[in-house]
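[1] here you go, sequence then predicted model.
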Amino acid sequence: MKSYQFLIFFSIVTLVYSAVNYYIYQRAMQAVPVEANYRLWFRWGFILLALTYFAGRILERYYLSIFTDVLTWVGSFWLAVMLYGFLIVLLVDIVRVAHHFTGFLPEFLQTAQAKANMLYISMIGIAVILIAGYINAISPKTNNLTIDIDKKAAGLKELNIAMASDIHMGTLVGPRRVGKLVEALNKIQPDIILLAGDIVDEDLAPVIRQNLGESLKKLNAPLGIYGITGNHEFIGGAEQAVKYLEDHGITMLRDSVIKISDAFYVAGREDRAKGGFSGKNRKEIREILQGIDLSKPVILLDHQPYDLHLAAEAGVDLQLSGHTHHGQLWPLNFITRAIYELSTGYLKKGNAHFYVSTGFGGWGPPVRTGHRPEVVNIRLRFR
């Protein structure tokens with residue numbers, strides 16, 4: 001990404017982040033009793049917590065340590081606090097505006113003590129959401145799906161696929177969770193393992209420090225392990241991430257296609273973020289598939305599930321994607337549903353089948369609300 005584009009992007013993110021925190025802070029301080037002996041501690045505690053995410057992310061690029069890990073963990077949880085704090089404050093302000101015009105609130109809900117009680121209840125509620133959401137985020141499930149492909153595959157009757165996306169290996173997804181991923185994928189006893197992008201969470205340094213690639217070497221599939229880049233590989237440096245993954249047993253498909261056992265094809269697209277980071281556009285699907293035998297089954301890995309009709313028109317039989325996290329935090333799933341034709345799950349479009357995974361890891365807060373992380377077991381049955 002060009003330096004001026006990054007500067008604009010970073011400025012916008014910082015402005016939004018600061019504005020949301022300031023809005024929550026102002027409303028929270030109005031609810032803290034003036035005579036409360038913890039008022040000063042609340043003020044500085046809020047400010048320090050709001051700074052932790054940026055501090056952790058910036059410092060870990062220069063020096064990784066337990067200190068930067070703590071900052072990143074605390075700051076990541078703070079992102080979830082921001083979301084739910086913002087929603088609560090916004091709801092309270094909507095009620096206040098309605099009361100201003102209608103006067104429907106009883107007197108006992110308008111006292112200073114009522115405001116303080118609302119603050120305490122909100123803090124407890126957010127804490128419960130964080131705890132439950134974290135437990136949910138580290139408890140992946142295996143989704144099972146059977147799909148019939150009306151093509152012959154050189155005598156192969158069935159293909160057992162283990163698929164995962166959005167692992168986001170790094171500071172927050174470390175040895176324990178990557179080990180759980182490997183265990184879940186191997187338990188499927190797959191013929192082939194497919195990883196649909198965002199395998200690495202931006203900076204490669206935490207991955208190297210924790211030697212997470214050694215766990216990937218334990219993945220076992222007789223027909224191979226294949227992956228593609230996601231937007232986070234490009235954010236952190238795609239070339240270094242791809243080399244690391246290939247050094248640890250994953251064949252990375254970068255706008256390329258491979259024929260397997262003379263029975264079917266697996267194609268992989270570069271992420272659509274490539275143009276913004278490298279100045280070079282990725283190939284179109286038809287260009288990638290040019291010259292292959294479309295009478296054989298074609299599986300496409302494309303991290304971001306945009307323009308599904310193009311894959312169907314190009315002759316793809318099954319496309320596997322991720323990226324959406326299905327919003328990760330409720331109610332953001334309503335936004336991803338509005339943006340993407342398929343935010344999560346299965347869809348058939350023409351003769352093509354599509355599956356978008358909620359992902360195994362997550363971006364930002366290690367919290368999921370409304371749905372669980374997953375690995376996917378897809379059984380393809382051929383004619």
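    Okay, I see it.
[2] count of neighbours near residue 287?
    By other C-beta atoms under 10 Å, the residues close to residue 287 number 10. C-beta coordinates here come from the backbone N, C-alpha and C atoms, glycine included.
[3] can you map out the strands along this structure?
    Using DSSP state E, the strands of the chain run over residues 141-149, 158-164, 192-195, 225-227, 251-252, 256-260, 264-268, 298-301, 318-321, 345-349, 352-356, 374-382.
[4] tell me which of those sits most buried.
    strand 318-321 (a mean of 27; mean count of other C-beta atoms under 10 Å).
[5] for that strand, packing partners?
    For strand 318-321, the packing partners by 3 or more C-beta pairs under 8 Å, 6 or more residues apart in numbering; DSSP states H and E come out as strand 298-301, strand 352-356, strand 374-382.
[6] okay if I get those as TSV plus mean pLDDT and distance to residue 195?
    Compiled in TSV, the helices and strands packed on strand 318-321 are given as follows (pLDDT from 0 to 100; distance: least, C-beta to C-beta, whole Å):
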stretch	mean pLDDT	distance to residue 195
strand 298-301	98	8
strand 352-356	98	14
strand 374-382	97	10
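[7] quick one on the thing from earlier: could you dump the strands of the chain into a markdown table with distance to residue 18 added?
    Converted to a markdown table, the strands of the chain look like this (distance: least, C-beta to C-beta, whole Å):
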| stretch | distance to residue 18 |
| --- | --- |
| strand 141-149 | 37 |
| strand 158-164 | 35 |
| strand 192-195 | 36 |
| strand 225-227 | 36 |
| strand 251-252 | 38 |
| strand 256-260 | 43 |
| strand 264-268 | 39 |
| strand 298-301 | 37 |
| strand 318-321 | 33 |
| strand 345-349 | 36 |
| strand 352-356 | 33 |
| strand 374-382 | 34 |
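[8] out of these, which comes closest to residue 309?
    Closest to residue 309 of the strands of the chain is strand 345-349 (C-beta to C-beta; 6.6 Å).
[9] strand partners of the closest one, parallel vs antiparallel please.
    Strand 345-349 pairs in its sheet with strand 352-356 (antiparallel), by DSSP bridges.
[10] could you report the neighbour count for the residue lying closest to residue 230 once chain neighbours are set aside?
    Closest residue in space to residue 230, ignoring its immediate chain neighbours: residue 197 at 2.9 Å, by C-beta to C-beta, 6 or more residues apart in numbering. Per other C-beta under 10 Å, the neighbour tally for residue 197 reads 29.
[11] same check, this time on residue 206
    Using other C-beta under 10 Å as the criterion, the residues surrounding residue 206 number 22.
[12] mind checking how far it is from residue 196?
    Using C-beta to C-beta, to the nearest Å, one gets 22 Å for the distance from residue 206 to residue 196.
[13] need the distance between the two termini of stretch 281-299.
    Start to finish, the residues bounding stretch 281-299 are 22 Å apart (C-alpha to C-alpha, to the nearest Å).
[14] need the residues that contact that stretch.
    Residues from elsewhere that reach stretch 281-299, judged by C-beta atoms under 8 Å, 6 or more residues apart in numbering: 149, 151-154, 159, 161, 194, 255-257, 259, 263-267, 269-272, 274-275, 300, 302, 310-311, 314-320, 380, 382.
[15] quick one: pLDDT of residue 364?
    pLDDT recorded at residue 364 is 90.
[16] hmm, back to that, just put the helices and strands packed on strand 318-321 in JSON lines and tack on distance to residue 54.
    JSON lines is the format used below for these (distance: least, C-beta to C-beta, whole Å):
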{"stretch": "strand 298-301", "distance to residue 54": "33"}
{"stretch": "strand 352-356", "distance to residue 54": "30"}
{"stretch": "strand 374-382", "distance to residue 54": "30"}
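[17] farthest residue from the center of the protein?
    The centre of the chain is farthest from one residue, residue 107, which by C-alpha atoms, centre = their mean lies 45.0 Å away.
[18] what sits against it?
    Contacts of residue 107 (C-beta under 8 Å, 6+ apart): none.
[19] okay, residue 121 and residue 88: tell me how far apart.
    9 Å.
[20] looking at these two, which is more packed in?
    residue 88 (20 against 11).
[21] burial count for the nearest residue to the more buried one once chain neighbours are set aside?
    Nearest residue to residue 88 in three dimensions, chain neighbours excluded: residue 122, at 4.9 Å (C-beta to C-beta, 6+ apart). Residue crowding around residue 122 was assessed by other C-beta under 10 Å; the count is 20.
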